[in-house]
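> curious how this folds, go ahead:
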Amino acid sequence: MDLRKTLLSWPVVRQVTGSDPLGRGTAAQSERTANWTARTQTADRVVQSICPYCAVGCGQRVYVKNEKVIQIEGDPDSPVSRGRLCPKGSASEQLVNSPGRQTAMLYRAPHSSNWEPLDLETATDMIADRVIEARRRHWQDTDEHGRPLRRTMGIASLGGATLDNEENYLIKKLFTALGAIQIENQARI
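Take a look at the predicted model:
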């Protein structure tokens, strides 16, 4: 180990002997940190997007490298958020890359303790069959005085905060068309 090289690499020595006497620039910077680059600089492309969490619609810049999201930041060109994101929006990269993210349909049969994978078409058919049956069994066409109700009390909807305005609008239209009256969204609660 070269003692002279080690002593000259100390920040205080670089500060006194170099061009940074106040120690606010290169004197305080190690060789390792001087070679760092931001993840966003190495991205292959930047895609503009909208935060998926609430109804505000904050703009995001999604940095992609090798077809994988590597960083998500606020979009300074967005008139809504001007580059700022709330804590949930700032953590939305984890929504995409989390190792705990479910990427397959899972089904747990009645009285079972195990989840098993299910293909999308089978899951969609099961949901459709159950919605139709619940609507049929709990349909209220009129009240006790013969006044029209045309509703079902067997279906309710609670939308999640990762749905955007357009998705929530379509879900509201669907459940209203089915006759449901208990329709709510987590972002509004």
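
> please count neighbours and contacts with C-alpha atoms only from this point.
Will do.

> and stretch 69-81, how far from the chain's centre?
Its chain's average C-alpha position is 13 Å from that of stretch 69-81, according to Cα atoms, centre = their mean, to the nearest Å.

> contacts for that stretch, please.
For stretch 69-81, the external contacting residues (Cα atoms under 8 Å, 6 or more residues apart in numbering) are 39-40, 43, 48, 56-64, 82-85, 90, 92-93, 96-97.

> distance between the ends of stretch 142-155?
One end of stretch 142-155 to the other measures 17 Å (Cα to Cα, to the nearest Å).

> what ranges does the protein have for its strands?
Ranges of strands in the chain, per DSSP state E, are 45-50, 59-65, 68-74, 105-107, 116-118, 139-142, 148-159, 180-185.

> tell me the most buried of these?
Neighbour counts (mean count of other Cα atoms under 10 Å) averaged over each of those peak at strand 59-65, with a mean of 22.

> ok, and for the lengthiest helix in the chain, which residues are buried?
Assignment by DSSP state H gives helix 120-137 as the longest helix of the chain. Using 16 or more other Cα atoms under 10 Å as the test for burial, helix 120-137 gives Arg135.

> show me how far that helix is from its chain's centre.
Per Cα atoms, centre = their mean, the centroid offset for helix 120-137 relative to its chain is 27 Å.

> that one - what's its average pLDDT?
Taken as a whole, helix 120-137 carries a mean pLDDT of 95.

> neighbouring contacts of that helix?
105, 152-155, 178-179.

> how's the chain carved up into domains?
3-34, 39-97, 138-185 (automatic domain parsing).

> mean pLDDT lowest for which of the ones you listed?
Mean pLDDT values for the domains of the chain show the minimum at domain 3-34, a mean of 71.

> buried sites along it?
Across domain 3-34, burial judged by 16+ other Cα under 10 Å covers 11-12, 14-15, 23, 26-28.

> export those residues to JSON lines and append columns for distance to Thr122.
What follows is those, written out as JSON lines (distance: Cα to Cα, whole Å):
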{"residue": "Pro11", "distance to Thr122": "64"}
{"residue": "Val12", "distance to Thr122": "68"}
{"residue": "Arg14", "distance to Thr122": "68"}
{"residue": "Gln15", "distance to Thr122": "68"}
{"residue": "Gly23", "distance to Thr122": "65"}
{"residue": "Thr26", "distance to Thr122": "62"}
{"residue": "Ala27", "distance to Thr122": "64"}
{"residue": "Ala28", "distance to Thr122": "61"}
